[in-house]
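Chemist: From the sequence below, what's the structure:
(one chain, ligands or ions: 1)
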Amino acid sequence: MSKRKTPGDALPGPSGHVPFFATERGAAYLGESRELLRTLPDSSVNLILTSPPYALHFKKEYGNADQGEYVKWFLGFAPEFRRVLTDDGSLVVDIGGAWTPGKPTRSLYHFELLLALCREAAFHLAQEFFWYNPAKLPSPAEWVTVRKIRVKDAVNCLWWLSKTEYPKADNRRVLTDYSPDMHRLLKRGYRPKVRPSGHIITHKFSDNGGAIPPNILIFGNNDANGVYMSRCKETGLRPHPARFPIQLPTFFIRYLTDENDLVLDPFAGSNTTGEAAERAGRRWLAFEREQKYLVGSVFRFDPAGWEPIDLAQHAGTAVPAPEPSLFDSRG
Ligand SMILES: C[S@@+](CC[C@H](N)C(=O)[O-])C[C@H]1O[C@@H](n2cnc3c(N)ncnc32)[C@H](O)[C@@H]1O
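Modeler: Presented below is the predicted three-dimensional model:
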């Protein structure tokens, strides 16, 4: 990996633009995403995975009109997202909710964005996911810790959208650890019986190598000791303030793409998505308009400093197994 290296021919990078840096599998471009998107070929990207700036970051975000402005802003990218995606491609948007300024009620902007992407930009909602971050601080303080009339908001919505109704996906690539109950069931076998609900479970359980994860993903922002943070510290570079944990893009990249597929993050920030794609053997493109974030992103591509990413230990582990009694072989 070196700065200003030209990515391999296999990477359909924006024509006429020189990458800020490139690796064997990917390239990061400094610039306005909409402009860079226009230069990509049709149907060339398998997965767009991104965390856009939230409505909160829009300075004039006071009430509905400005939240409506956010939806309009995002919709400006949607036709290009659709055009560059393959027919079996996916768009995954990580979007945090917001409070109505000065009031203990929630903004609807992220739901409005979802509706607009489906109704006006012709995307399908393949499935909604929720990222639970146990490390989130209680806020806003006024409603949560002072007046104590709301609870901690600790989930982000992840809208998994697709160009067609059947995007490429394989949940066998993101299996999680079985619960202790399921391990016991697999060991002892299950005797069919009538459940309290009246159902008779006759299904034979077999070991499929892990449990199918739920649509709640549990990842703390725990990269404090990672190579990106330590190199930022060494060089005095301020880390990107809104990074997502690498487990998050890793989950969707494994779930929704094959090896060598192309993953694009059009609001790349510190390029966590690019690092996840590189490690997973996928090609990647990152677009970011702030040079300082791409400078730090270079630190991510140092395999010598890579800790392994184990999704099985993170996804869904704090969620109780569904109907634990179903798997209870003692009865
Ligand atoms: C929430 S951050 C992404 C953080 C990223 N997921 C990470 O883990 O580091 C959103 C990024 O989008 C960038 N951005 C916003 N509008 C953009 C645009 N039109 N073109 C390119 N980048 C943009 C911002 O500079 C910011 O770094």
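Chemist: Now do the SS call for the closest residue to the ligand within the stretch 151-300 of the chain.
Modeler: Residue of the stretch 151-300 of the chain nearest the ligand, by CB to the nearest ligand atom: Gly269 (2.6 Å). Glycine gets a C-beta too; all of them are placed from N, C-alpha and C. Of the three states, Gly269 takes coil under DSSP: H, G, I helix; E, B strand; the rest coil.
Chemist: burial of it, as a residue count?
Modeler: 23 (other CB atoms under 10 Å).
Chemist: likewise Leu186?
Modeler: When counting by other CB under 10 Å, one arrives at 16 neighbours for Leu186.
Chemist: Wasn't it part of a helix?
Modeler: Yes - the assignment for Leu186 is a helix, going by three-state DSSP.
Chemist: re the thing from before, OK, contacts around the residue of the stretch 151-300 of the chain closest to the ligand?
Modeler: Contact analysis of Gly269 by CB atoms under 8 Å, 6 or more residues apart in numbering lists Ser51, His240, Ala242, Arg243, Glu288, Tyr293.
Chemist: Mind doing that once more with 6 Å?
Modeler: His240, Tyr293 (CB atoms under 6 Å, 6 or more residues apart in numbering).
Chemist: repeat for Val93
Modeler: Neighbouring residues of Val93 by CB under 6 Å, 6+ apart: Trp159.
Chemist: now it: how far from the ligand?
Modeler: 11 Å (CB to the nearest ligand atom, to the nearest Å).
Chemist: In three-state terms, label that residue for me.
Modeler: Classification of Val93 using three-state DSSP returns strand.
Chemist: Assign Leu114 to helix, strand or coil.
Modeler: Look at Leu114: counting by three-state DSSP, its state is helix.
Chemist: For the stretch 201-331 of the chain, which residues score under the pLDDT cut-off?
Modeler: 201-204, 221-222, 224-225, 312-331 (pLDDT under 70).
Chemist: what about Lys152, how many neighbours?
Modeler: Lys152 has 12 nearby residues by other CB under 10 Å.
Chemist: typo on my end, it should be Pro192
Modeler: 9.
Chemist: for Arg238, same thing?
Modeler: For Arg238, the neighbour count with other CB under 10 Å is 9.
Chemist: quick one: it and Val295, what's the gap?
Modeler: In this view, Arg238 and Val295 are 10 Å apart by CB to CB, to the nearest Å.
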